[in-house]
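1. can you look at this prediction? I've put the sequence above it.
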Number of protein chains: 2
Amino acid sequence: MKRREFVGGIAVAAGLAGCAKPENDCSVGGGISTETFEWDCVTSWPPKFPGLGMAVENLAERVEQASAGRLKIKVYGGGELVPPFEVFDAVSRGVVEMGHDASYYHKGKVDAAQFFTAIPFGLNSMELNAWVHYGGGLELWRELYEPFNLVPFLCGNTAVQMGGWFNKEINDIDDFKGLKMRIPGFGGEVLRRAGGQPISLPASEIFTSLQTGAIDATEWVGPYNDVSFGLHKAARYYYYPGWQEPGPGLECIINKDAWNSLPADLQAIVEITCQSITTDMAAEYTNGNANSLQQILADPNIELRPFPDKVLQHLKAITAEVVAEIMAADPASKKIGKAFYEYLAKVAANSNISERAFLNTREK
Amino acid sequence: MKRREFVGGIAVAAGLAGCAKPENDCSVGGGISTETFEWDCVTSWPPKFPGLGMAVENLAERVEQASAGRLKIKVYGGGELVPPFEVFDAVSRGVVEMGHDASYYHKGKVDAAQFFTAIPFGLNSMELNAWVHYGGGLELWRELYEPFNLVPFLCGNTAVQMGGWFNKEINDIDDFKGLKMRIPGFGGEVLRRAGGQPISLPASEIFTSLQTGAIDATEWVGPYNDVSFGLHKAARYYYYPGWQEPGPGLECIINKDAWNSLPADLQAIVEITCQSITTDMAAEYTNGNANSLQQILADPNIELRPFPDKVLQHLKAITAEVVAEIMAADPASKKIGKAFYEYLAKVAANSNISERAFLNTREK
């Protein structure tokens, strides 16, 4: 694996620095660095996967256009250069300059990171954007990744994910007992404590496992990605709205040496483009979900139904238990978890009288 | 008013074109245009107004950073260069290169434009982003502004606006009879048909009019802007969630000749930055609303209450009447209105099982 020029490269700190090579000086109205960069970006997604994978392709394409080709980013799908869950380490060690993944994959390494993706019954996408960009979240995130030589950026959001596909109705918390469900991370831990069996499966095996009955249920993302995987055709199913991932934020992580090697205008282009991808990816999901839902609703074998309130209350109580344990385990999780829940309390009060009130009003 | 260099300026169409001046050629890895641009941007907002006004300041600052000073945008508050509601004409005629306002201000001139800001009971901010960026909305918008020599970009969103401050309870549709309320545009027309008196007032007069009883009610934006205007201190009030502006999108409009004069990298920077501002402004509002709501909730003189269902149903029926009239009045409104409502039907079905279901679930 080639080490790129950022290792020991020229750090141009000021935005209006001249060209890196004096013989090519083209300073006009302040000047601009013409140094070029070729970066590798590893991801946790199948290549060009709708939503998650396309967002990072769009990021690379936009940065190249906006920089007039001065910063070229080559995107690798999960496993093409490093395994999907080794993105964090690869970027941290400087094997590659950039990564695109979800911060909750770093559980076990840097547990507090999961607050920046999603917590069951936590912040939705609009609220997460507000916390990160205006509520102090980004500063906490940057501080958390500092020891890993990484600079994180919020870069995308899938919007609310669905609760999943079940081969039986969930009418009571006891219906989770013994249920074999593909559900990773925090949601999986909640299911386990509710008596279920969370199963880890690579994306490529979900459909077959569901179809053959090797698992009783699965969550994946939402209508857009679920239909593209054929999950709605795997059997006769109940499809439930989500509680476990209310608006997962994706991250773009950049090796700090690589970041510091960029002139200020390219840094600005990367930062602005990441924020544009947050709008763009949520828009891609919202549109894709709306289209795919039409197919789901037209299928007489699928029943869309809500979890009963008492089931949700039980899952929420278990979530509080798990959060308390996470926060007790290390100082960073305590600090960030406290900030997250203080923010959630005030921003949810606002969502209740704005987004929630409106969405309910529209259906009156 | 000075005509800027874009009039008759050099159009660099290809992204990887060389420097404009051959003697300064600094092509490295494809090259970059070093031509500089100074643009004026007129707006409909008080200068640096929280949210609306700051978003366009942020736009200008980001574009300058990302372009290493090659595109400088000077922002003018409403009335500083042209009156707040003459932004469209000023940019269309090329008096200035750029404007930031809301497309529903162009009612009477290009009625169909209002579908791209907000329609009562219509698309919220996430849904509007999806329609514009992935659902065909942007193409319709570009086509609509083509005869005006304007290129529109979605650039910001206030999120759901509040229904307003009232000096009496609204328990029945008859409570609107004779009600003098500051409420502009489409919402004002709905109020008028419900028996109320919509009043037009400059922002600077809202507080005093409410305090002196010259008006009985007002809507403005939401907690963030309302508290900064002191509306919560004007009298003893009822504060109601919104129905009339479910997620108004703001627009950045650019004179087409100015747009065509930019090299492709600067065009990319402008387009990407506008989309980043959509996330950023909604985040500023969500954060600001959450903070200001704390003050409102702590005030014993303010009662936050919902409109009764039957009142909302009545307002919705009137809205449908007004929309039908708008769509019948001209072919562009018919075409765009049809696209809007077809999109609303499918995207709202998705919001009901995702964002709405989650926000209700969180409160169980």
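-> That came through fine.
2. strands of chain A, start to end?
-> For chain A, the strands defined by DSSP state E occupy A:37-43, A:71-76, A:98-101, A:150-157, A:164-166, A:180-182, A:197-199, A:217-218, A:237-240, A:249-255, A:302-304.
3. can you put the ones you listed in TSV and add distance to chain B?
-> Backbone N, C-alpha and C define where each C-beta goes, glycine included. Shown next, in TSV, are the strands of chain A (distance: least, CB to the nearest CB, whole Å):
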stretch	distance to chain B
strand A:37-43	9
strand A:71-76	8
strand A:98-101	17
strand A:150-157	9
strand A:164-166	12
strand A:180-182	18
strand A:197-199	20
strand A:217-218	17
strand A:237-240	8
strand A:249-255	11
strand A:302-304	6
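4. which residues does the nearest residue to residue A:351 once chain neighbours are set aside contact?
-> Distance criterion CB to CB, 6 or more residues apart in numbering or on different chains; nearest residue to residue A:351, sequence neighbours excluded, is residue B:359 at 6.0 Å. Neighbouring residues of residue B:359 by CB atoms under 8 Å, 6 or more residues apart in numbering or on different chains: A:124, A:351, A:352, A:355, A:356, A:359.
5. in helices, which of the residues you listed fall?
-> A:351, A:352, A:355, A:356, A:359 (DSSP state H).
6. pipe these into TSV and attach pLDDT per row.
-> Formatted as TSV, these follow (pLDDT from 0 to 100):
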residue	pLDDT
A:351	98
A:352	98
A:355	98
A:356	98
A:359	98
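7. of all those, which two lie farthest apart?
-> Farthest-apart pair in the ones in helices among the contacts of residue B:359 is A:352 and A:359; separation 10.9 Å (CB to CB).
8. quick one: list the elements packing against the helix or strand bottoming out on mean pLDDT in chain A.
-> The least trusted helix or strand in chain A, going by mean pLDDT, DSSP states H and E, turns out to be strand A:237-240, with a mean of 92. Here strand A:237-240 is seen to pack against strand A:164-166, strand A:302-304 when contacts are counted using 3 or more CB pairs under 8 Å, 6 or more residues apart in numbering or on different chains; DSSP states H and E.
9. check the ones you listed for me and report the most buried one.
-> Mean neighbour count (mean count of other CB atoms under 10 Å in any protein chain shown) peaks for strand A:164-166 among those, with a mean of 24.
10. that one - what's its average pLDDT?
-> On average, the pLDDT along strand A:164-166 is 96.
11. then stretch A:326-340?
-> Averaged across stretch A:326-340, pLDDT comes to 98.
12. from the chain's centroid, how far away is it?
-> Centroid separation for stretch A:326-340 versus its chain: 20 Å, with CA atoms, centre = their mean, to the nearest Å.
13. anything in it near chain B?
-> No. If you take CB under 8 Å from any CB of the partner chain as the test, stretch A:326-340 misses chain B, and the best it gets is 13.2 Å.
14. report how many residues lie close to the nearest residue to residue A:109 once chain neighbours are set aside.
-> Leaving aside its sequence neighbours, residue A:109 sits nearest to residue A:88 (CB to CB, 6+ apart; 6.8 Å). Residue A:88: 24 surrounding residues under other CB atoms under 10 Å in any protein chain shown.
15. so how far is residue A:250 from residue A:88?
-> Computed as CB to CB, to the nearest Å, the residue A:88 to residue A:250 distance reads 13 Å.
16. find residues that contact each of those two.
-> Here residue A:88 and residue A:250 share the contacting residues residue A:101, scored by CB under 8 Å, 6+ apart.
17. can I get the helices and strands packed on strand A:237-240 in CSV with distance to residue B:325?
-> CSV is the format used below for the helices and strands packed on strand A:237-240 (distance: least, CB to CB, whole Å):
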stretch, distance to residue B:325
strand A:164-166, 44
strand A:302-304, 36
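18. biggest helix in chain A by residues?
-> Ranked by residue count and defined by DSSP H, the top helix of chain A is helix A:264-297.
19. so that one versus helix B:264-297, what angle?
-> Using axes from the mean of the first three to the mean of the last three CA atoms, to 10 degrees, one finds that helix A:264-297 and helix B:264-297 are set 70 degrees apart in direction.
20. for the residue nearest the centre of chain A, which non-adjacent residue is closest in space?
-> By CA atoms, centre = their mean, chain A has its centre lying nearest to residue A:250, at 2.6 Å. Nearest residue to residue A:250, sequence neighbours excluded (CB to CB, 6+ apart): residue A:156, at 3.7 Å.
21. try residue A:321
-> Counting by CB to CB, 6+ apart, the residue nearest residue A:321 is residue A:193, at 7.2 Å.
22. pLDDT score for that neighbour?
-> For residue A:193, the model assigns a pLDDT of 98.
23. can you show me the helices along chain A?
-> Under DSSP H, chain A gives helices at A:52-66, A:87-92, A:125-134, A:137-145, A:185-193, A:206-212, A:223-228, A:256-261, A:264-297, A:309-329, A:331-353, A:355-362.
24. deepest in the core, which of those is it.
-> Mean neighbour count (mean count of other CB under 10 Å) peaks for helix A:125-134 among those, with a mean of 26.
25. for residue A:50, which non-adjacent residue is closest in space?
-> residue A:228 (5.7 Å).
26. swap that for residue A:291, sorry
-> Spatially, and ignoring its direct neighbours in sequence, residue A:291 is nearest to residue B:346 (7.0 Å; CB to CB, 6+ apart).
27. could you measure from that neighbour over to residue B:352?
-> Residue B:346 is 11 Å from residue B:352, where distance means CB to CB.
28. what do you get for residue A:257?
-> Here the distance between residue A:257 and residue B:352 works out to 47 Å (CB to CB).
29. cool, residue A:312 as well?
-> Separation of residue A:312 from residue B:352 (CB to CB): 17 Å.
30. same question for residue A:76.
-> Computed as CB to CB, the residue A:76 to residue B:352 distance reads 37 Å.
31. cool, residue A:162 as well?
-> Counting by CB to CB, the gap from residue A:162 to residue B:352 is 12 Å.
32. and if you look at residue A:171?
-> When distance is defined by CB to CB, residue A:171 is 21 Å away from residue B:352.
33. same check, this time on residue A:272
-> Distance of residue A:272 to residue B:352, given as CB to CB: 33 Å.
34. so who does the closest residue to residue A:106 other than its chain neighbours touch?
-> Of all residues not flanking residue A:106 in the chain, residue A:113 sits nearest, at 4.3 Å (CB to CB, 6+ apart). Residue A:113 sits next to A:103, A:104, A:106, A:107, A:141, A:144, A:145 when contact means CB under 8 Å, 6+ apart.
35. interface residues of the stretch 151-300 of chain A facing chain B?
-> Neighbours of chain B within the stretch 151-300 of chain A, by CB under 8 Å from any CB: A:159-160, A:162, A:222-223, A:241-243, A:246, A:263-265, A:268-269, A:272-273, A:275-276, A:278-280, A:282-284, A:286-291, A:293-294, A:297.
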